[in-house]
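*Asks:* requesting a structural model of the entry that follows:
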Amino acid sequence: TSLSDTLDTFYQHYATVHQIKQGRWGDKTPLNTFYVYHIRAVFPDAKFVHIRRDPFDTISSYLNSGIYTDLEEAMYRWFDSIILLKAFSKSFPHSIIEINYEDLVNSPVEVTKNICDFLEINFETAMLGVGLDVERLGDVSSLQHHQNVKKPIDNNSIGKGKKNLTIQQVKKINRFLTKNSIYI
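*Replies:* Numbering: from 1, shown residues only. You can find the predicted model right below:
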């Protein structure tokens, strides 16, 4: 039995036990960004959806959720993931789609249809709603930074980063982005 077969069996069992209708399984673990090459080695047909978000909003979110307490660590987490996914995209362009978070929340139907086309699955309007399955998605209820999964799609988080960060933090992030020639 291969690792891919073992993982597939686990996810199929989980879906059966929790009565989750599924045709495919996926994982929305941001840390997987750092393991895309490993994941692709185990699942050569895997497809990756990279949701790229404004760096100020992302970094602020890391800090506010407690994932990081140090601004520099949060900046490098964002930066390293962007660089890694750019390289992965060049190596495996048919395995990854990049979408902007802002586009997703402002035009959820259009962007979700594009994602579905990429994944070769049928779009269903129910994909845009908050379903009963949310509570059965493992750690959603137990982790503070997953609480928005329970809420309807909205664009309230766009631009929130610069509002939540101090002037000094914004300046430091701007210097970092300029130095590294990256800005969305």
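
*Asks:* burial of residue 87, as a residue count?
*Replies:* Residue 87 has 12 neighbouring residues, counting by other C-beta atoms under 10 Å. Any C-beta I mention is one placed from the backbone N, CA and C, and that applies to glycine too.

*Asks:* quick one, phi/psi of it?
*Replies:* Torsion angles at residue 87 (phi, psi; degrees, to the nearest 10) stand at phi -70, psi -40.

*Asks:* please apply the same query to residue 107.
*Replies:* When read as degrees, to the nearest 10, the backbone of residue 107 gives phi -140, psi 60.

*Asks:* mind listing what's buried in stretch 30-45?
*Replies:* The neighbour-count criterion (16 or more other C-beta atoms under 10 Å) identifies 33, 36, 39, 40 as the buried residues of stretch 30-45.

*Asks:* now stretch 17-32
*Replies:* For stretch 17-32, a neighbour-count test (16+ other C-beta under 10 Å) marks nothing as buried.

*Asks:* what does that stretch contact?
*Replies:* Identification of contacts with stretch 17-32 by C-beta atoms under 8 Å, 6 or more residues apart in numbering yields 8, 11, 12, 14, 15, 39, 81, 119, 121, 133, 136.

*Asks:* just the buried ones from these, in PyMOL syntax?
*Replies:* One line in PyMOL is enough to select the buried ones among the contacts of stretch 17-32; burial here means 16+ other C-beta under 10 Å:
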select buried, resi 11+15+39+81
